[in-house]
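> Requesting a structural model of the entry that follows:
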Amino acid sequence: MNRSSRFRLKSRFAYIAGRVAFAAARIGCIALATYALFVRGAGDSAQTSPSHIEYVRTEDLIYGRKSGLALTLDVFRPVVRPNGHGIIYVVSGGWTSNRGAIYPGEYSHFLDRGYTVFAVIHSSQPKFTISEIIPDMQRAVRFIRFNSEKWGIDPDRIGITGVSSGGHLSLMAGVLGGAGDPRAADPVERESSAVQAVACFFPSTDFLNFGSRGEDAVGVGRLKDYRAAFGDGLNTLEARNALGQKISPICFITAAMPPTLIIHGDKDPLVPVQQGEIFVKRATEMGAHAELIVRLGGHGWPNLDDDRATIAAWFDAYLLGSTREGRRTP
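Below you'll find the model as predicted:
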């Protein structure tokens, strides 16, 4: 029995329960408490949420290096009833990332359901551009898959989530995931970078049609304050079009894209809800499965944490479900 099949003895009831939970969460019928998770030390440390769900946090694991810098992640493993599945949480805002932005309370819905959470720090703008940051996600997925047995997770059942730029990077991981290089000297690079489910909040999906058809946001317009994230040499429309296609998730959708959920505010002043709408429309046209939930709000809303339960239910449906329902690793 290989490392993947050891985790795949799941009954059909797990899938049905996951879909029911997702449907209930979508109409606001699930009331889950928001837990504050307290950090008490570095390295492997046992900690407990107020709901008495114990977890172990391992800090500052290096998953890659670039330009002399270490790329790190923290691992949060539930002690009681782990479900053998992993969720990557992309720690990101405005395409910047640092350890100070790791808030374990945001992972409580996942931990309490038994998921192991990987809080991934990526390289940041302005030192690195978006096109240079995107590969960090693929490296992180490969690293986590390579070490899946160590953390007790199924290598073919990994989900990814994030907020805003973290949502954009989550989508890019979803649409770009693929097989590793079997001839790579680094064994991590031989692993697949595919994820099996995506769920995220208000991501950018098409920088060349940002709010309306033909509206350019490649470091201009609505995203002019983030120009450094897009890089230099973007003074012409041709240059911005080329980059926009390279970093827009919508340009890479195929029927093989993993099941994807987007939750977006209807009055988002920064990333218009149209971004979620056109992504789901294109995914449906391509034969992929994607859903959009629209909330009353902007770039965030007061009860956003309730929707983390909705995202957790999505992962229940597509990670805990049968292999027929989830996308397999290439």
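> Tell me if Arg77 really is in a strand.
Yes - counting by DSSP: H, G, I helix; E, B strand; the rest coil, Arg77 is part of a strand.
> count of residues packed around it?
22 (other CB atoms under 10 Å). No exception for glycine: its C-beta is placed from N, CA and C like everyone else's.
> ok, now how distant is it from Ala184?
Computed as CB to CB, to the nearest Å, the Arg77 to Ala184 distance reads 28 Å.
> For the host helix or strand of His168, give me every contacting residue.
Following DSSP states H and E, one finds His168 within helix 165-176. The contact list for helix 165-176, computed with CB atoms under 8 Å, 6 or more residues apart in numbering, reads 88-96, 122, 133-134, 136-138, 141, 160-162, 193, 195, 198-205, 247, 249, 252-254, 257-258, 260, 262, 279.
> Which positions within it qualify as buried?
165-176 (16 or more other CB atoms under 10 Å).
> What is the subsequent helix or strand relative to it?
Remark: after helix 165-176, the chain's next helix or strand is strand 197-201, criterion DSSP H and E.
> ok, and what's touching that next one?
Residues from elsewhere that reach strand 197-201, judged by CB under 8 Å, 6+ apart: 159-164, 166-167, 170-171, 173-174, 258-264, 300, 304, 307, 311, 314-315, 318-319, 326-327.
> Among those residues, which lie within helices?
166-167, 170-171, 173-174, 304, 307, 311, 314-315, 318-319 (DSSP state H).
> between the residues you listed, which is closest to Glu238?
Within these, the smallest distance to Glu238 is 24.9 Å, found for Leu171 (CB to CB).
> Now do the same for the closest one: its pLDDT.
Turning to Leu171, the model gives it a pLDDT of 98.
> which residue ranges form the strands in the chain?
With strands called from DSSP state E, the chain shows them at 45-48, 54-66, 69-78, 86-91, 116-121, 158-163, 197-201, 260-265, 290-295.
> Would you tell me which of those strands gets closest to Ala101?
Nearest to Ala101, of all these, is strand 86-91, at 5.1 Å by CB to CB.
> got the angle between the closest one and strand 158-163?
Counting by axes from the mean of the first three to the mean of the last three CA atoms, to 10 degrees, strand 86-91 points 20 degrees away from the direction of strand 158-163.
> Please name the strands paired to strand 86-91 in the sheet, noting orientation.
Counting by DSSP bridges, the strands paired with strand 86-91 are strand 116-121 (parallel), strand 158-163 (parallel).
> and stretch 147-154, which residues are buried?
147-148, 153-154.
> and for stretch 134-150, what are the contacting residues?
Outside stretch 134-150, the residues within contact range by CB under 8 Å, 6+ apart are 3, 63-64, 66, 71, 73, 86, 88, 90, 118, 120, 122-123, 151, 153-155, 158, 160, 169-170, 172-173, 176-177, 180, 187-189, 191-195, 247, 329.
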